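1. Sequence first, then the predicted structure, then my questions.
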Amino acid sequence: MTIRTARLRALYVCVLAGLCLLAFGAPAGADDGTTTPPRAAPPARAIPRTFASYDALIATASAVAVDQTTLYAQLLATRADADFAQSALAAVYDPRIRGGLVRTETNVSDETTLGALRAEIASTTATETRLLNSGATGAAPAPTWQRPLAGEISQPFGPTYLGLEPARLYKGVFYGHFHDGVDILARAGTPIVAPARGRVVFAGRMGDGAEVVVIAHDNGLVSLYAHLQDGPLAPTIKAGDIVQPGDRIGAVGLTGLTTGYHLHWAVYKSGEPIDPLTTLAD
């Protein structure tokens, strides 16, 4: 239980104890003049324009993904506080009675109590707006994703014999060559879409020449898309943008170290790669 929720429960008990209530139809400014300041949304994280390495890029994106989950958690808490304050008012509001409020006797403390509840509702409404404007998702993150690109998977996730893939220590086991994503074959210029809602962390060219897009998602995961088309079909999104499932984020290209047209799609959880196919519905 949050401190704010505990305070609301105390107000609610006071209301139910039979304290005198002000008319609900009174002007909003008719309370005691005090207001509860809205809780501030987390400040936007500064995202670098360039990254010296993929590890640095994924580390930043993972931090942004944590921010996204935090925004959603704060939004849920804010909505719970608002619902509780609304319930407290509803408990003393009866539409069958003229004026709406169940009155007992004149008591200044009742006016203060209702004023506090109204201020709480106004505060939580303002906080919810700030959180949504800061990029919080208004709905629960989807449990599964859609594919960013239809096509044959030419190289799966995991250990490989291909010498171009770097070495990796994965789940306590060292592999001489490890592919940290899946490669999907498609014709040049085929659109690539976001598999889930998220915030763009990077869209541009990395040091190896690959055109890359990285997205931090509301469920804490990070997704990466590499070898995208440059030129007229280059990604038009930029860092900080919010993308929705199905939004175009780029096109299949041949940038960077690659032997043919395909999408390299990788997904990371807490900075560690996971098989992207596990994010899809069965």
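-> The structure has been received and is ready for your questions.
2. Just the strands from this protein, written as ranges.
-> Taking DSSP state E as the test, the strands found in the chain are 153-155, 158-159, 168-170, 173-175, 178-179, 182-185, 191-193, 198-205, 211-217, 221-226, 242-243, 248-251, 262-269, 272-274.
3. who wins for proximity to residue 119 among those strands?
-> Of all the strands of the chain, the one in closest proximity to residue 119, counting by CB to CB, is strand 242-243 (30.7 Å). All C-beta atoms are positioned from the backbone trio N, CA, C, and that covers glycine.
4. which residues touch the residue nearest to residue 142 when sequence neighbours are not counted?
-> When the adjacent residues along the chain are set aside, residue 142 lies closest to residue 196, with 5.7 Å between them (CB to CB, 6 or more residues apart in numbering). If a contact means CB atoms under 8 Å, 6 or more residues apart in numbering, then residue 196 has 141, 142, 145, 146, 217, 218, 219, 223, 245, 279 as its contacts.
5. My guess is the last one contacts residue 222. True?
-> This means residue 279. No - contact between residue 279 and residue 222 fails when scored by CB atoms under 8 Å: they sit 11.3 Å apart.
6. what sits in contact with each of those two?
-> A shared contact of residue 279 and residue 222, defined by CB under 8 Å, 6+ apart, is any residue touching both; here these are residue 267.
7. okay, those two: which has more neighbours?
-> residue 222 (26 against 22; other CB atoms under 10 Å).
8. confidence score at that one?
-> The predicted local distance difference test score for residue 222 is 98.
9. what is it paired to in the beta sheet?
-> Using DSSP bridges, the beta-bridge partners of residue 222 come out as residue 216, residue 268.
10. circling back: for my notes, please list the contacts of residue 196 in a markdown table and give distance to residue 114 for each entry.
-> Converted to a markdown table, the contacts of residue 196 look like this (distance: CB to CB, whole Å):
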| residue | distance to residue 114 |
| --- | --- |
| 141 | 37 |
| 142 | 40 |
| 145 | 46 |
| 146 | 48 |
| 217 | 42 |
| 218 | 36 |
| 219 | 39 |
| 223 | 48 |
| 245 | 43 |
| 279 | 48 |
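11. of those residues, closest to residue 270?
-> Checking those one by one against residue 270 (CB to CB), the nearest turns out to be residue 219, at 11.9 Å.
12. Could you check how far that closest one is from residue 207?
-> Distance, residue 219 to residue 207, using CB to CB, to the nearest Å: 29 Å.
13. Have a look at the two and say which one is more surrounded.
-> More neighbours sit around residue 219 than around the other of residue 219 and residue 207, counting by other CB under 10 Å; the figures are 19 against 11.
14. Hmm, residue 140 and the more buried one touching each other?
-> No - between residue 219 and residue 140 there is no contact under CB under 8 Å: 9.1 Å.
15. quick one: the longest helix that the chain contains to strand 211-217, angle?
-> Once the chain is assigned using DSSP state H, the helix that runs over the most residues is helix 54-90. Between helix 54-90 and strand 211-217, the angle comes out at 30 degrees (axes from the mean of the first three to the mean of the last three CA atoms, to 10 degrees).
16. in helix 54-90, what's buried?
-> Within helix 54-90, the residues that count as buried by 16 or more other CB atoms under 10 Å are 54, 57-58, 60-62, 64-65, 67-69, 71-72, 74-75, 77-82, 84-85, 88-89.
17. are any of the contacts of residue 196 buried, and which?
-> Neighbour counting over these (16+ other CB under 10 Å) leaves 141, 142, 145, 217, 218, 219, 223, 279 as the buried ones.
18. Sort out which of those are in helices and list them.
-> Checked against DSSP H, the buried ones among the contacts of residue 196 include nothing in helices.
19. List the contacts of residue 157.
-> In this structure, residue 157 makes contact with 179, 180, 181, 182, 273, 274, 275, 276, 277, judged by CB under 8 Å, 6+ apart.
20. count of neighbours near the third one?
-> Yep, that's residue 181 we're talking about. Neighbour number of residue 181 under other CB under 10 Å is 23.
21. That one contacts residue 263, doesn't it?
-> No - Residue 181 lies out of contact with residue 263 (CB under 8 Å); the separation is 9.1 Å.
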